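A.B. asks: Curious how this folds, go ahead:
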Amino acid sequence: MSTISTAPRKPIRLFRRRAQLHISRRTLFQYPDFRLAVTGQVTSQFADALNSLVFAQVLLFAPEGGPTPRLLIQTVVAAALPLILAGPLAGYVADKFERRQILVTGQGVRSLLMLAAFFAAYMQSTAMLYVLFGVSMCVTRVLYTARAASVRHLVRQHELVAADSAILMASMFAGSIGAASGALLYRYIGFAAFFAGAILHFVAAYVFDSIRAWLGGGSEVEKVTWPVALRQLGLAKTRFAIASTSAHRFLLGLSFSAVALLLDQQTSIGTSGYAATLGASGVGAFLGTVTSERTNEKIPRRTVTIAAFALSGCAVILAVSITNLYLCCGAVLVMAFCFQNLRVCSDATVQANAMKGSCGRVFAAYDMAYNLSFLLGLVAGLAASSAATSHTVLAMSASSFICGAVIFACMRRTEEVQVQETDVLEVQPAPVQTKTIFSARNVA
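C.D. replies: You can find the predicted model right below:
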């Protein structure tokens, strides 16, 4: 017997049909446990940025910087190793153990690692410093996954976008201030700045231990096997979120490398192309985080995805047509802005649709996909710009962005319900649910 789909494709809408419930980020801080979670996150992020800056000064980057290709390769290596080594483990740990205990224990471990880094630096053991840096980055990946999987236990489903946006904004502020503080401390007290990071991680452990809400994980959740968890990656909304964020992130990395190398060729800039491109990307990401909650409130997720690809493509086309510092940096800013709006909405989609007991593994797979895509994009952009020209690479990137907009406009984002053709007339309407816990209309 043949089957037919009973789920018609929804038309693409520019704005949501109904007025959505506005969720202010400030309102979420009325929840005590959410407030504690953000405080712990800010303290931990501040310490991470401080410690990373000190590690970078001691090990990775020379104070005077260096050529853009070398900095790009260093960025890829430093970011890829913890993703590859700890990414799969992070999801398993976040589901296997109680997440609040993971956060408390992990911050304690990071505090001990910073104390060990101080003694390694004192003994001038470069090998030990590299090991401690790698272990520290891997622990950070585990803690990030545990925090991300915990958000849906701190707020209601329709508040996820606002919550993710608030946490990312707080993290960006903490990271910027932490990096500046790390540079200042390293200038005056050298590697003794590791002590400050150790203290801050200990404080973060205390704050996370004060959370009383159950954050998921451990023996209290349903046991979800790996095959079941992996099958969730094929669900329509999760598949759409992973594919769209990974594709956009890859093209962003490709364009980032091409723009950085292109700006290096302009001797009148007065700074490296890497620094200028990185600054534009940071500003765009911050602005995208600020606007993501309102964007999700007014615009459907599919339309956000299409707009992210289309606007990015137009920005790159303009940068290729009229090549100068401001337009190139502006194109990177627009791409980062579009991606951040897309990413925050996709984070909420993955968190909301993951089965109970598997959010850690599902989110870890999603996080690895789009982050590794960016790193592959950086390498591809660097290699392609060496073989051809940066203008050619950017033209290819612009075309790919426009094609992406068309592809995701056609890609299904809802499950297809298959029924037997002979039973179509016998399909009964589903019973009306008369009681709901909360509105989830913003979770698409």
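A.B. asks: in the protein, which ranges drop under the pLDDT threshold?
C.D. replies: 1-23, 60-68, 219-222, 266-272, 415-444 (pLDDT under 70).
A.B. asks: could you pull out the strands for it?
C.D. replies: 3-5, 418-420 (DSSP state E).
A.B. asks: how about the helices in the stretch 201-350 of the chain?
C.D. replies: Counting by DSSP state H, counting those that start in this stretch, one finds helices in the stretch 201-350 of the chain at the ranges 226-231, 236-264, 273-298, 301-321, 325-353.
A.B. asks: Can you say which of those is nearest to residue 181?
C.D. replies: Of all the helices of the stretch 201-350 of the chain, it is helix 273-298 that lies closest to residue 181, at 17.2 Å by C-beta to C-beta. C-betas here are computed from N, CA, C, even on glycine.
A.B. asks: Tell me the buried residues in the closest one?
C.D. replies: 273-274, 276-278, 280-282, 284-290, 292-293, 295-297 (16 or more other C-beta atoms under 10 Å).
A.B. asks: and what of stretch 89-100?
C.D. replies: Neighbour counts over stretch 89-100 (16+ other C-beta under 10 Å) mark 90, 91, 92, 93, 94, 95, 96, 97, 98, 99, 100 as buried.
A.B. asks: Next, the contact list for the fifth one, please.
C.D. replies: It refers to residue 94. 102, 142, 145, 146, 149, 217, 359, 360, 361, 363, 364 (C-beta atoms under 8 Å, 6 or more residues apart in numbering).
A.B. asks: Just name the closest of those residues to residue 119, please.
C.D. replies: Taking the contacts of residue 94 together and measuring to residue 119 by C-beta to C-beta, the closest member is residue 142, at 23.7 Å.
A.B. asks: what's the spacing between that closest one and residue 160?
C.D. replies: Look at residue 142 and residue 160: by C-beta to C-beta, to the nearest Å, they are 22 Å apart.
A.B. asks: go on, residue 369?
C.D. replies: 19 Å.
A.B. asks: before we move on, what about residue 26?
C.D. replies: 16 Å.
A.B. asks: More neighbours: these two, which one.
C.D. replies: residue 160 (26 against 9; other C-beta atoms under 10 Å).
A.B. asks: ok, the residue nearest to that one when sequence neighbours are not counted - contacts?
C.D. replies: Leaving aside its sequence neighbours, residue 160 sits nearest to residue 348 (C-beta to C-beta, 6 or more residues apart in numbering; 3.8 Å). Residue 348 makes contacts with 160, 161, 164, 296, 443, as judged by C-beta under 8 Å, 6+ apart.
A.B. asks: Would you mind confirming that the fourth one makes contact with residue 345?
C.D. replies: Yes: Residue 296 is within contact range of residue 345, at 5.1 Å (criterion: C-beta atoms under 8 Å).
A.B. asks: Pull up the overlap in contacts between those two.
C.D. replies: Between them, residue 296 and residue 345 share the contacting residues 161, 304, judged by C-beta under 8 Å, 6+ apart.
A.B. asks: Which single one of the buried residues of stretch 89-100 is nearest to residue 245?
C.D. replies: residue 91 (16.6 Å).
A.B. asks: Just list the residues touching the closest residue in space to that closest one that isn't next to it in sequence, thanks.
C.D. replies: Computed as C-beta to C-beta, 6+ apart, the closest residue to residue 91 that is not its neighbour in sequence is residue 364, at 2.9 Å. Residue 364 makes contacts with 87, 88, 90, 91, 94, 145, as judged by C-beta under 8 Å, 6+ apart.
A.B. asks: And residue 364, how far from residue 145?
C.D. replies: Distance from residue 364 to residue 145, by C-beta to C-beta: 5 Å.
A.B. asks: ok, now residue 190?
C.D. replies: 33 Å.
A.B. asks: More neighbours: which of the two?
C.D. replies: Taking neighbours as other C-beta under 10 Å, residue 190 and residue 145 compare with residue 145 leading, 28 against 14.
A.B. asks: follow-up on the earlier one: among the contacts of residue 364, which one lies nearest to residue 389?
C.D. replies: residue 87 (34.2 Å).
A.B. asks: ok, and the closest non-adjacent residue to that closest one?
C.D. replies: residue 368 (4.2 Å).
A.B. asks: before we move on, back to that, who touches both of residue 364 and residue 145?
C.D. replies: 90, 91, 94.
A.B. asks: Among those residues, which one lies nearest to residue 205?
C.D. replies: Distances from residue 205 to these, taken by C-beta to C-beta, are shortest for residue 94, at 17.0 Å.
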